[in-house]
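In: When you get a sec, could you give me coordinates for this:
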Amino acid sequence: MRIYTNLRRLLGNMAGLNTLWQGIVAVLVAAIWAVLKFSGDFPQHMQTIQDAGLILAPAVLIVHVSMYLILYVIRRAQIKDAETSFLLKHFKSMDQFSQVFDGKLIFKKGAIVFTGDMMKYSFMSFPKKDADIGEITRINIKAFENTPWEDSFDSKMKRNLGIWTQNNLSFMQLCTFDKGLLKDFWFNSTKDSFFFSCIIPLTETGHNRYFHEHIAGDNDFREDWVAKEGEKTHSVIMFTFARDPDQARSIDSLAQHQLPFLYLRSVAVHLQTLLCRQYPEGSEATVYFQNNDPKFRRLATKLAGMDISKLKSKDNETVYVTTVKDFHSQ
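Out: Have a look, this model is predicted:
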């Protein structure tokens, strides 16, 4: 009976857990429940409604949380797979991929060449105050829930704020909408920000600390590795791209496949804006991107022309590299 009492207490504390852990506890509870039932440790005398409720309420909770978890996982997977699958299905070559950017980016083996100004697109903005970084961190937390990069809001906020303080072009928010691109399909939510990118200019010391000495991984990235405005930049890492999964889900289904275009153009604008400020005219930039998703390998190598680098971060992800040229093009 003591085991049963402890079990009830555990169920009473489930409301404080996030959805994934509620589901895990629910499965464990179901298993323990079965063991108690067949081991004879299950209470035999339930003659009052109160005692019966002690069985019924946890049972309903188990079913409810388990179903919610299943729907939650399916929803997240569908959003991610739909965007990735769309890109891989509709683009078969570097030339086709260039069309996403109106021909203003040319992809070659080992190089990305700007042929025009991507910065004219006005549907994104750079953070101007701490509250903007807070909104970015909110998306950051949602996007990386239940992954190796999950962390508390306070920890991510501290890291993000440190990076942004060093270089105020390291983060970019996607806040409003390019009507021509989204063809007048709008989000149902009233929230503004639904996507952000983090592209970090590295000092030579930062590059060595991150890629060679493995002092810290992504969650503990050091702000003093970031090259400030006017400081010599060794290389650039395309650190994070993330969108609010709930916002992505709320968009009209007819416009779902427009989102990858919007994300990619936004990243191109961010990259060109940052490179133009960090590097003198006529120079080239070494740009890194890390990702362990097998699907991304084709996107990076076959469509964007990136090479697989021999470098590794502390998080042991595959690191892709390319040379970006002519980013001062008008």
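
In: could you point out which element follows the lowest-mean-pLDDT helix or strand in the chain?
Out: In the chain, no helix or strand scores lower on mean pLDDT, DSSP states H and E than helix 179-182, which sits at a mean of 44. Per DSSP states H and E, helix 179-182 leads on to strand 195-202 as the next helix or strand towards the C-terminus.

In: ok, residues contacting that following strand?
Out: For strand 195-202, the surrounding residues in contact (CB atoms under 8 Å, 6 or more residues apart in numbering) are 136, 139-140, 160, 163, 167, 170-174, 210, 221, 225-227, 233-244, 262-263, 266-267, 270-271, 274, 278. C-beta here means a position set from N, CA and C on the backbone, and glycine is covered the same way.

In: Now restrict those to buried residues only.
Out: 136, 139-140, 160, 163, 167, 170-174, 210, 221, 225-227, 233-244, 262-263, 266-267, 270-271, 274, 278 (16 or more other CB atoms under 10 Å).

In: if we can go back for a sec, out of the contacts of strand 195-202, which sit inside strands?
Out: By the criterion of DSSP state E, membership of the contacts of strand 195-202 in strands covers 171-174, 235-243.

In: now the helices for the chain?
Out: Using DSSP state H, the helices of the chain run over residues 2-12, 19-39, 49-90, 94-98, 130-143, 153-166, 179-182, 204-207, 245-250, 259-278, 294-298.

In: which of those helices has the lowest average pLDDT?
Out: When these are ranked by mean pLDDT, helix 179-182 comes last with a mean of 44.

In: which intervals of the stretch 101-250 of the chain have sub-threshold pLDDT?
Out: 120-123, 175-192, 247-250 (pLDDT under 70).

In: Tell me how many other residues crowd Arg209.
Out: Applying other CB atoms under 10 Å, we find 19 residues neighbouring Arg209.

In: Can you pull the phi and psi angles for the closest residue in space to it that isn't next to it in sequence?
Out: Excluding the flanking residues, the one nearest Arg209 by CB to CB, 6 or more residues apart in numbering is Ile215, at 4.6 Å. The phi and psi values for Ile215, taken as degrees, to the nearest 10, are phi -60, psi -40.
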